[in-house]
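>>> task: produce atomic coordinates for the following.
(2 chains, ligands or ions: 2)
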Amino acid sequence: MIKTDILIIGAGPTGLFTVFEAGLLQLKCHLIDALPQPGGQCAEIYPKKPIYDIPAFPEVLAGDLVDNLMEQIKAFQPGFTLGERADTIEKQDDGSFIVTTNKGTQHQAPVVAIAGGLGSFEPRKPALENLAHFEDNGIAYMIKDPEVYRDKRVVIAGGGDSALDWSIFLTDVAAEVTLIHRRNEFRGALDSVEKVQHLKDLGKINLITPAEVTGLLGDDSLSGVRVKKTGEDEAFDLECDSFIPLFGLSPKLGPIADWGLEIEKNAIKVNNALDYQTNIPGIYAIGDVNTYPGKLKLILCGFHEATLMCQSAYQRIHPDKRYVMKYTTVGGVTGFDGSKKEAPKAVVKAID
Amino acid sequence: MADVKITITDRDGVAHEVDAPTDMNMNLMEVVRAYELAPEGTIGICGGMAMCASCQCYVESDHDLPEMSDDEDAMLAEAFHVQDNSRLGCQLHIHEDMDGLKVTLAPEE
Ligand SMILES: Cc1cc2nc3c(=O)[nH]c(=O)nc-3n(C[C@H](O)[C@H](O)[C@H](O)COP(=O)(O)OP(=O)(O)OC[C@H]3O[C@@H](n4cnc5c(N)ncnc54)[C@H](O)[C@@H]3O)c2cc1C
Ligand code: FES
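Ligands and ions are numbered 1, 2, ... in the order given. Alright, predicted model coming up:
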């Protein structure tokens, strides 16, 4: 059982910044995210695109924003459960909550902050017969540990950045890499497209385009895929150990919708006059996942909501303590790792 | 500037005739959201960058629409439920020539 002060569901920008504001109050955080990496939409949908409305950043790449947040919260040593979806929540007699993921990992905390954005990112799955049967038995939709593919024959399908980047990466790991796409054209960063071209010319990537995987072969585990090239009548079978369809991810509110929270327009209703708490005391919702009159789904709004929510969480966890907010410039930042950042003292010195 | 009339059939098969402004820098995906013809969170996920296909629709009138960009074409190559008359709503800028346009929203993926 993982125990913490604030359990954050969703490691997007809102969830990450919560760690900082909680840390200033000496509260520890643990984050759960369905994605294998932190950053939410910024990391998954548009890491290489600029954002122009982060206060004091005239321009920042979404991926850099995430890197900066990770750097900012490092001293507060957040825990991460990545690649797992928070599925159930149970209230305990002592008022705390136990949240369990789809992989069975359990987390306990007195406060739960849902920073789930548009929902948990779920893979877009191709419509193939027996797909579910081979899931985790040769078929995967995201790559958490590339070592799994060491010396294996891997087929990747898709035409975007992740299909290109993983095909490139796996040429050094897998025995064989085949990339299948419906079109001859790929869409991705220029250098990724060029690299795949180069690896194809070297014979390290077996490129099959325009083509589609139309069937799955094997009994208990996957032994191959059936491939049909556009314009050809006959499909052919291709032996492989793993098939990784990378058709992007789409967010789904998912199990959180059944947690007894008030939902409106696919978002969780919160008290925005006070502290972004939901209808269940102790459960807060911040960032894109919440709604209230006038709500805007913007990163800067998520940061603000996270800050106020942490103050309320502190009161909840320490009902008897009095607290006055201190500026970071004045109080400095003391990490759980023993690090301390503080403003340099001014000198007091005569000028003669 | 005048509004144009567009008929949008939602995912439940209900047709809505709506007024779409030509002078507000809007696209068809945003019109659907402004009139709440699809639940929040099920359309416009990428904000209109031709990166998610949640705004896919089928064009049912024979309007001459602007050609697809490479981005739109590539996204539709990866989307599901694609037909010959599929377009991405976010790439269709509302224009006077669209008066009388008829579209149906593609199913949610
Ligand atoms: C293309 C694009 C451009 C944008 N441009 C801007 C801009 O210029 N300015 C701006 O302010 N905003 C912009 N946004 C919006 C901005 O990215 C979001 O407001 C922001 O990401 C919201 O942060 P969040 O942390 O609340 O949620 P998200 O970033 O959505 O993160 C939520 C995370 O929670 C996880 N999650 C949800 N449910 C579960 C569960 N049950 N179990 C485990 N994990 C779960 C998800 O997997 C996800 O990683 C843009 C968005 C897009 C797509
Ligand atoms: S809104 Fe994402 S492709 Fe149109």
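>>> please count neighbours and contacts with C-alpha atoms only from this point.
OK.
>>> list the residues that contact the closest residue in space to residue A:24 that isn't next to it in sequence.
Counting by C-alpha to C-alpha, 6 or more residues apart in numbering or on different chains, residue A:24 lies nearest to residue A:333, which is 6.8 Å off, once chain neighbours are set aside. Each residue near residue A:333 by C-alpha atoms under 8 Å, 6 or more residues apart in numbering or on different chains is listed here: A:24, A:340, A:341, A:342.
>>> closest point of chain B to ligand 1, which residue?
Among the residues of chain B, residue B:46 lies nearest to ligand 1; the distance is 3.9 Å by C-alpha to the nearest ligand atom.
>>> isn't that residue right up against residue A:45?
Yes - shown here, residue B:46 and residue A:45 form a contact pair, counting by C-alpha atoms under 8 Å, at 7.2 Å.
>>> ok so, going back, can you lay out the contacts of residue A:333 as JSON lines showing secondary structure, distance to residue B:94 and pLDDT?
JSON lines is the format used below for these (DSSP: H, G, I helix; E, B strand; the rest coil; distance: C-alpha to C-alpha, whole Å; pLDDT from 0 to 100):
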{"residue": "A:24", "secondary structure": "helix", "distance to residue B:94": "48", "pLDDT": "96"}
{"residue": "A:340", "secondary structure": "strand", "distance to residue B:94": "55", "pLDDT": "94"}
{"residue": "A:341", "secondary structure": "strand", "distance to residue B:94": "52", "pLDDT": "93"}
{"residue": "A:342", "secondary structure": "coil", "distance to residue B:94": "53", "pLDDT": "91"}
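>>> which one of the residues you listed is nearest residue B:84?
Ranked by distance to residue B:84 (C-alpha to C-alpha), the contacts of residue A:333 are led by residue A:24 at 55.6 Å.
>>> next, count neighbours for the closest one.
Here the neighbour count serves as a burial measure; for residue A:24 (other C-alpha atoms under 10 Å in any protein chain shown) it reads 20.
>>> against residue A:311, how distant is it?
10 Å (C-alpha to C-alpha, to the nearest Å).
>>> next: residue A:205.
53 Å.
>>> the two: which is more packed in?
Relative neighbour count places residue A:205 above the other of residue A:205 and residue A:311, with 21 against 17, counting by other C-alpha under 10 Å.
>>> biggest helix in chain B by residues?
The helix that spans the most residues within chain B, counting by DSSP state H, is helix B:70-78.
>>> what packs against it?
Here helix B:70-78 is seen to pack against strand B:86-88 when contacts are counted using 3 or more C-alpha pairs under 8 Å, 6 or more residues apart in numbering or on different chains; DSSP states H and E.
>>> please enumerate residues in contact with the strand it packs on?
With contact meaning C-alpha under 8 Å, 6+ apart, strand B:86-88 is reached by B:29, B:50, B:53, B:55, B:56, B:57, B:58, B:59, B:72, B:76.
>>> nothing else from me, thank you.
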